[in-house]
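# Have a look at this prediction, sequence included:
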Amino acid sequence: MKPLIIPIQNEYSEAAIDLILNIQQKEFNVPITIQDQPDLLNIKDFYHAGGGGFWGAFVNDELVGTIALIKFNEKEAAIRKMFVKKEYRGKEFSIAQKLLDTLIQYAKENEIDDIYLGTISKLEAALRFYERNHFVAIEQELLPEKFPLMKPDHVFRHLPLK
């Protein structure tokens, strides 16, 4: 069962919202709502239009994972919306890895030199995943000025591509 990873647009907003809010609210008890994430209501304008991207991982036509890249200046971008449905996590499917590899490949092809991300300390498996993929810790004060900060984020990582 090989996942299909493709760029997605607004026609998948509802499926992405269902997947992401479920994980944020029910699985990790993060106090966040769709009102805090209006980007999910307009994937096309928020991600694709600015030179970033939004990808979905599908298994049997079901959206089981997402990852997004928001370009916030000429050579820098931030990872957003990295979520994989619980049943599809781990090495058996490698969905998170395939999503991240797709995003990094896109960044390199589009001359993005640095990728940043913000998350929360509670997401320990995610932090280990990013470390395995050569992301290094960075203090919030050292983030680029235009980094798009999300309210709950308090742990930050950086991946230089050059």
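All right, it came through fine. Numbering: from 1, shown residues only.
# Please make it C-alpha for all contacts and neighbour counts, starting now.
Will do.
# Where do the helices of the chain begin and end?
13-21, 43, 95-109, 124-132 (DSSP state H).
# Including distance to Asp61, mean neighbour count and mean pLDDT, could those helices go into a markdown table?
Converted to a markdown table, the helices of the chain look like this (distance: least, C-alpha to C-alpha, whole Å; neighbours: other C-alpha atoms under 10 Å; pLDDT from 0 to 100):
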| stretch | distance to Asp61 | mean neighbour count | mean pLDDT |
| --- | --- | --- | --- |
| helix 13-21 | 11 | 17 | 97 |
| helix 43 | 19 | 21 | 97 |
| helix 95-109 | 14 | 18 | 98 |
| helix 124-132 | 25 | 14 | 94 |
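# roughly how far is the lowest-mean-pLDDT helix or strand in the chain from the heart of the chain?
Lowest by mean pLDDT, DSSP states H and E among the helices and strands of the chain is helix 124-132, with a mean of 94. Centroid displacement of helix 124-132 relative to its chain, using C-alpha atoms, centre = their mean, to the nearest Å, is 13 Å.
# could you give the angle of it to helix 95-109?
40 degrees (axes from the mean of the first three to the mean of the last three C-alpha atoms, to 10 degrees).
# Mind listing residues that contact helix 124-132?
If you take C-alpha atoms under 8 Å, 6 or more residues apart in numbering as the criterion, helix 124-132 is touched by 121, 157.
# again with stretch 146-159
30, 32, 72-73, 77-78, 114-121, 130, 134-140.
# just the buried members of these?
By neighbour count, with 16 or more other C-alpha atoms under 10 Å, the contacts of stretch 146-159 hold 72, 77-78, 114-119, 130, 135, 137-138 as buried.
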